[in-house]
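**Q** structure for the following, please:
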Amino acid sequence: MKWFKLAWLNVRRNGRRSIITIMITAIGIAAVLIGIGFANFTYVSLQERSAREAGHLQVAHKDFFDKQEETPMQYGLDNYQTLAQKMLQNNQVKYAVEKIQFSGLISNGDKSAVFIGSGINPSAEFKAKGPFLTITSGNTLSTREKADDPKILIGKGLAKIMQAKVGDSLTLMGSTTNGGLNAIDVTVHGITDTGNPEIDKRQIFVNVKVAQDLLQTKKVSLLSLYLYETDKTDLVKKSLQKEKPDFAWQTWLDVAFYYVGVKNLYNRIFGLLGFIIILIVFFSIVNTIGMSVVERTREIGALRALGTYNSEVKFNFMLEGGIIGIIGSIVGAIIALITSLVLLVLDLQMPPPPGSNKGYPLVIDIPAEIYAPIVVISIMLCMIAAFIASSKAVKKPITEALSHT
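**A** Down below sits the predicted model:
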């Protein structure tokens, strides 16, 4: 305890240098935490977007994901209503939504374009997607639409290509399950904007019954399971897969190629930047503490002349470094926290990422569990820096140290 008290008194006595070292540490820690917070917000946002687009889990025919269908719905799901009810018995499953994936041609009578369609259950699909699907005009689909007046949601880009607006009639053409051709007239009920121009040039949504009528089938492509907690995806998959081993299972991560690419890129970028910042902070602390040690050479010589061991002198300097590290890391964490709150209030927008036409908010979301490791690393760096700086000083002969000017 006496060594800690002595170290604290030395930190206070050398106030100017201590403040400089503390600020260097604080700025470095704040920069690292802000970088981690920005990357974490990006990861969480992309993770949530990917999970809501595809579903946290997808269950399909055992050959659906591995084999190419020769005819539409060759590997579709029969009796999917019963399977959906079974999935909902798991208390982690919020929605079990049937989907049909299909493609074909869409026409306004004068021109045609290729579309990629999703047959959905509107009552659950749009609740699951939440804010990740924007209706720019019109309304979402309804389960109460009339059988003789099918509705369609069309992507913003495709609506522009087809020169279509809400209330206009279009024709969908596609291959049926027996290899023939079929066509259905639909009415534009809404125009969507996913934020991805390439998707918006092809994307349409129809009621699952409309898609079944077009393909002339009673099957669906797959069931998308939306969970209450994304973190429990793997756990729920193992549990359900054990109950239903005859089906193929896929998690949101298996199809989240953009998320994986961005995460790998950011890990490399912010990992390298963090390493560089830590190195700069470390050598700055070594330099600052080193100057303090040089100024206190006579003090070190006096301590050694009074019988203090070299190891005790170094230990005292390491305690000083530890105290500076504790204060600096706390100040840095406070700076990072205040910065994150200010950005949240200002609601600043980042420019659209590649492949998107929508910006996103600049938010710093620092995970609570990252503070402790960063504080420990900061303290260790300061103590190591103090050890390196003091090691050279204690090697000087006592007479030389006492006569140092």
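**Q** how about the spatially most central residue of the chain, nearest residue that isn't a chain neighbour?
**A** Most central in the chain under C-alpha atoms, centre = their mean is Tyr43, positioned 1.1 Å from the mean C-alpha point. Closest residue to Tyr43 apart from its sequence neighbours, by C-beta to C-beta, 6 or more residues apart in numbering: Lys263 at 5.8 Å. For every residue, glycine as well, the C-beta is placed using N, CA and C.
**Q** quick one: the residue nearest to the centre of the chain and Leu265 touch, right?
**A** No - at 11.4 Å, Tyr43 does not count as touching Leu265 under the criterion of C-beta atoms under 8 Å.
**Q** quick check: mean pLDDT of stretch 202-213?
**A** Averaged across stretch 202-213, the pLDDT comes to 93.
**Q** hey, where'd the helices end up in the stretch 201-350 of the chain?
**A** 208-215, 233-243, 252-255, 257-295, 297-305, 310-346 (DSSP state H, counting those that start in this stretch).
**Q** return the most buried member of the ones you listed.
**A** Most buried of the helices of the stretch 201-350 of the chain, by mean neighbour count (mean count of other C-beta atoms under 10 Å): helix 208-215, with a mean of 22.
**Q** how about the strands in the chain?
**A** 57-60, 93-107, 112-120, 134-138, 151-155, 169-175, 181-193, 203-207, 222-227, 248-251, 349-350, 360-361 (DSSP state E).
**Q** could you dump these into JSON lines and include distance to Leu6 and mean neighbour count?
**A** Converted to JSON lines, those look like this (distance: least, C-beta to C-beta, whole Å; neighbours: other C-beta atoms under 10 Å):
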{"stretch": "strand 57-60", "distance to Leu6": "60", "mean neighbour count": "24"}
{"stretch": "strand 93-107", "distance to Leu6": "59", "mean neighbour count": "20"}
{"stretch": "strand 112-120", "distance to Leu6": "70", "mean neighbour count": "19"}
{"stretch": "strand 134-138", "distance to Leu6": "63", "mean neighbour count": "15"}
{"stretch": "strand 151-155", "distance to Leu6": "70", "mean neighbour count": "26"}
{"stretch": "strand 169-175", "distance to Leu6": "82", "mean neighbour count": "18"}
{"stretch": "strand 181-193", "distance to Leu6": "65", "mean neighbour count": "18"}
{"stretch": "strand 203-207", "distance to Leu6": "69", "mean neighbour count": "25"}
{"stretch": "strand 222-227", "distance to Leu6": "56", "mean neighbour count": "25"}
{"stretch": "strand 248-251", "distance to Leu6": "56", "mean neighbour count": "18"}
{"stretch": "strand 349-350", "distance to Leu6": "49", "mean neighbour count": "12"}
{"stretch": "strand 360-361", "distance to Leu6": "49", "mean neighbour count": "14"}
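**Q** now render those strands as CSV, adding distance to Phe317.
**A** What follows is those, written out as CSV (distance: least, C-beta to C-beta, whole Å):
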stretch, distance to Phe317
strand 57-60, 56
strand 93-107, 57
strand 112-120, 66
strand 134-138, 59
strand 151-155, 65
strand 169-175, 77
strand 181-193, 61
strand 203-207, 64
strand 222-227, 53
strand 248-251, 52
strand 349-350, 44
strand 360-361, 45
